[in-house]
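A.B. asks: Prediction below, plus the sequence it came from.
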Amino acid sequence: MTKPVVYIVIYSLYHHVYKLSLTIKETLESNGVDVKLFQVQETLSDEILQKMQAPPKPDLPIMTIDRLSEPDAIMFGLPTRFGTMPAQMKALLDASGALWAKGALAGKFAATFFSTASQNGGQETTALTAVTYFAHHGMLYVPAGYANKAVETVDEVFGGSAYGCGTISDGDGSRQPTALELSLARTQAENFATIVSTFVKGRDADISTTTSATSSDYNQGSTTVNDPASNSNNPNVVSAVQNNNGDTLNSNAINTNSQGGVGSGGGSNVGAGVAGAAAGAVGATGIASAIGSRGKDGSNTMNESVPTANSNVDSGIRNATTLNQPTTAANGLDARASDINEIHPADANTSRVPGAAASTVPSAETVTTSDDIAPASTGAPKSAGLAPASADTVFPSTGAVPSSTGTAPTSTGTVPTSTGTAPTSTGTAPTSTGNAPTSTATAPTSVDTAAKAASATTATAATGAATTAATGATGTTGAIATDTNAVNAANATSTNPVKESIAKPTNKVDKTKKKKKWFCC
Ligand SMILES: Cc1cc2nc3c(=O)[nH]c(=O)nc-3n(C[C@H](O)[C@H](O)[C@H](O)COP(=O)(O)O)c2cc1C
């Protein structure tokens, strides 16, 4: 099998990210991965680098755009710059438009690891802002998660999070990766290696020529496969089964004319099974039709004894429990459609050969699980097939849906109607005899006084309005005007305590620690 290839691409001014990358590389290699470590092109001038007291660069090849598409996966080492990736790395990725246009990175795995000067300096925001690149390229971002419980530590300062391992350099670059941080780096690399390896193994597996002779290659953990397969008419009929975790598949499959292949990895009740069924259905007549997905958490009993009288009968399986029990399919797809609803929880772990009592096929609990599908180190659940707890949890009971026998209440009341007469106004519209108010305020001289002056202006104006309205002979209007005036007048003389307190902040920065900040030249 070809080894999975992972490139580690870093930028590291003071070698903290570089040190993490060495641990990651070593761990990946010890997990069967072919690893190459690169750095990105520096964009700062020598003069600036000197002012920043940057040590010589690590001795690593420079990553170029055309090489980005070579590996199966890329791990990016990112020393934080203002909470995001450094411009040097961004320059590389911003130049990857041609790869994006071709989808050259689509489907490749990506991971991240970090360094910041301080504990809360932005490792997680650096991850999140990097993720947009992966999303646009169609890459599969693999976070570190909480696989290593040390990431939950609260009694020591450390770098790293669910997004990836990390270290903290301190402002002067003096701090080095700690044992805890290196342990997070190893766990992340181990899991990443497992995921990439599993993918590459599955991708490169050749299942296109699967026949019944080799069907066991695709049967991991099942008890009975293809036994006894009776293909009476067509010698080329293949009833191979790809099953990753089931108990009994295609037992006693009788394929009188053509295909009876089933492709299914079990998986959840629908997803993988549907894929497998579809694949089985399109398998060429008389030729291997065992194609399917490689899901996990398999089924218990599938496709037993389905006499198929015609070619192209789709005896695919859609469920992880017992489906497609002895059923005569005269002409194709009906067999599948009718069997889907047949759930027999009691039989979930039994082989239902026609005429036979429930057989000794082992229960789901005793089925061996497939290690190369659910790697131990990822902590992924490796459950054997999950039989439904009860029929009711899968399909509702057969009881009739209860219906209401009550009678809907009807209103007997009468809608009230108004008998009153609409009031009409007899008043005379007031007319203003007052003079237009004039502002007596002086131009403001400062921001603070401007506000007060503005209020004073309003107050004067409102007063004018009040006078005007009052003269206009409607007391109500006059009252409102007076109220407005009162409010504005109050505002005009009010002080702004909030503003005062903001204006006089106290600077509580501790200036006793005077370390040289390397990155602040
Ligand atoms: C321009 C600049 C911006 C930085 N921004 C941050 C920051 O936002 N948060 C932080 O904790 N450290 C920040 N740092 C510190 C770097 O993250 C730190 O030097 C780096 O992680 C060290 O890793 P390295 O040795 O691999 O270069 C910044 C450094 C520079 C030069």
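C.D. replies: Sure thing, it's come through.

A.B. asks: what stretches of this structure score poorly on pLDDT?
C.D. replies: The model of the chain has pLDDT under 70 over residues 208-521.

A.B. asks: Would you mind naming what in it lies close to the ligand?
C.D. replies: Contact residues (Cβ under 6 Å from any ligand atom) of the chain with the ligand: 12-17, 79-83, 115-118, 121-122, 169, 519. No exception for glycine: its C-beta is placed from N, CA and C like everyone else's.

A.B. asks: Let's see that with 5 Å instead.
C.D. replies: The chain comes close to the ligand at residues 12-14, 16-17, 79-83, 115-118, 121-122, 169, 519, as judged by Cβ under 5 Å from any ligand atom.

A.B. asks: Drop anything exposed from those.
C.D. replies: 12-14, 16-17, 79-81, 115-117, 121-122, 169, 519 (16 or more other Cβ atoms under 10 Å).

A.B. asks: now, among those residues, which is nearest to Ile62?
C.D. replies: Within these, proximity to Ile62 (Cβ to Cβ) peaks at Ser12, which comes in at 13.1 Å.

A.B. asks: Leaving out the residues flanking it, which one is nearest to the closest one?
C.D. replies: With Cβ to Cβ, 6 or more residues apart in numbering as the measure, Tyr18 is the residue that lies nearest to Ser12, at 4.0 Å, once sequence neighbours are left out.

A.B. asks: that older thread, and the buried ones among the residues of the chain next to the ligand, which of them are in strands?
C.D. replies: Among those, DSSP state E puts 79, 115-116 in strands.

A.B. asks: The residue nearest to Ser12 against Gly77, yeah?
C.D. replies: Yes. Counting by Cβ atoms under 8 Å, Tyr18 touches Gly77, with 7.4 Å between them.

A.B. asks: which secondary structure element contains Val9?
C.D. replies: Using DSSP states H and E, Val9 sits in strand 5-10.

A.B. asks: which residues touch Thr153?
C.D. replies: By Cβ atoms under 8 Å, 6 or more residues apart in numbering, the contact set of Thr153 is Leu180.

A.B. asks: Same question for Phe134.
C.D. replies: 110, 140-141.

A.B. asks: Can you name the residues in contact with stretch 171-183?
C.D. replies: 14, 16, 19-20, 23, 117-118, 148, 150, 153, 156, 158-160, 165-169, 185, 515-519.

A.B. asks: buried subset of the residues you listed?
C.D. replies: Using 16+ other Cβ under 10 Å, the buried members of the contacts of stretch 171-183 are 14, 16, 19-20, 23, 117, 148, 150, 158-160, 165-169, 185, 518-519.

A.B. asks: among those, which are in helices?
C.D. replies: When the buried ones among the contacts of stretch 171-183 are checked against helices (DSSP state H), the matches are 16, 19-20, 23, 185.

A.B. asks: Looking at the residues you listed, spot the one nearest the ligand.
C.D. replies: His16 (3.4 Å; Cβ to the nearest ligand atom).

A.B. asks: Please report the distance of the closest residue to Ala91 other than its chain neighbours from Leu13.
C.D. replies: Of all residues not flanking Ala91 in the chain, Thr43 sits nearest, at 5.8 Å (Cβ to Cβ, 6+ apart). Remark: distance between Thr43 and Leu13 (Cβ to Cβ, to the nearest Å) = 11 Å.

A.B. asks: ditto for Lys201
C.D. replies: Between Lys201 and Leu13 the distance is 38 Å, computed by Cβ to Cβ.

A.B. asks: Identify the residues contacting whichever residue of the stretch 1-150 of the chain sits closest to the ligand.
C.D. replies: In the stretch 1-150 of the chain, the residue found nearest to the ligand is Gly121; the distance is 1.8 Å by Cβ to the nearest ligand atom. Counting by Cβ under 8 Å, 6+ apart, Gly121 touches 80, 83, 168.

A.B. asks: now with 6 Å?
C.D. replies: Residues in contact with Gly121, defined by Cβ atoms under 6 Å, 6 or more residues apart in numbering, are Thr80.

A.B. asks: and the gap between Thr125 and Pro58?
C.D. replies: Distance from Thr125 to Pro58, by Cβ to Cβ: 25 Å.

A.B. asks: For the nearest residue to Leu22 once chain neighbours are set aside, give the beta-bridge partners.
C.D. replies: Excluding the flanking residues, the one nearest Leu22 by Cβ to Cβ, 6+ apart is Leu37, at 7.8 Å. Judged by DSSP bridges, the bridge partners of Leu37 are Ile8.

A.B. asks: before we move on, what about Gly166?
C.D. replies: According to DSSP bridges, beta-bridge pairing links Gly166 with Phe114.

A.B. asks: For the remainder of this discussion, apply numbering that starts at 757.
C.D. replies: In the new count, where the first residue is 757, that last one comes out as Gly922.

A.B. asks: my guess is it contacts Gln879, does it?
C.D. replies: Yes. At 4.7 Å, Gly922 and Gln879 qualify as touching, with contact defined as Cβ atoms under 6 Å.

A.B. asks: which residues do those two both contact?
C.D. replies: Phe870.

A.B. asks: Show me the domain layout of this structure.
C.D. replies: Following automatic domain parsing, the chain resolves into domains at 761-960, 967-1150, 1203-1245.

A.B. asks: what kind of secondary structure is Val791 in?
C.D. replies: Val791 falls in the strand class when you classify it by DSSP: H, G, I helix; E, B strand; the rest coil.

A.B. asks: For it, the count of nearby residues, please.
C.D. replies: 23 (other Cβ atoms under 10 Å).

A.B. asks: tell me the contacts of it?
C.D. replies: Val791 neighbours (Cβ under 6 Å, 6+ apart): 762, 781, 784-785.

A.B. asks: switch the cut-off to 7 Å
C.D. replies: 762, 764, 781, 784-785 (Cβ atoms under 7 Å, 6 or more residues apart in numbering).

A.B. asks: How much space separates it from Tyr774?
C.D. replies: Counting by Cβ to Cβ, the gap from Val791 to Tyr774 is 14 Å.

A.B. asks: cool, and Ser874?
C.D. replies: Relative to Tyr774, and taking Cβ to Cβ, Ser874 is found at 19 Å.

A.B. asks: Please apply the same query to Glu937.
C.D. replies: Applying Cβ to Cβ to Glu937 and Tyr774 gives a distance of 14 Å.

A.B. asks: Those two: who's more crowded?
C.D. replies: More neighbours surround Glu937 than the other of Glu937 and Tyr774, with 26 against 21 (other Cβ under 10 Å).

A.B. asks: now that one, what's its secondary structure?
C.D. replies: Glu937 ends up helix, using three-state DSSP.

A.B. asks: contacting residues around the nearest residue to it once chain neighbours are set aside?
C.D. replies: Counting by Cβ to Cβ, 6+ apart, Thr923 is the residue found nearest to Glu937 once chain neighbours are left out, at 4.8 Å. Contact partners of Thr923, counting by Cβ under 7 Å, 6+ apart, are 772, 776, 871, 915, 933, 937.
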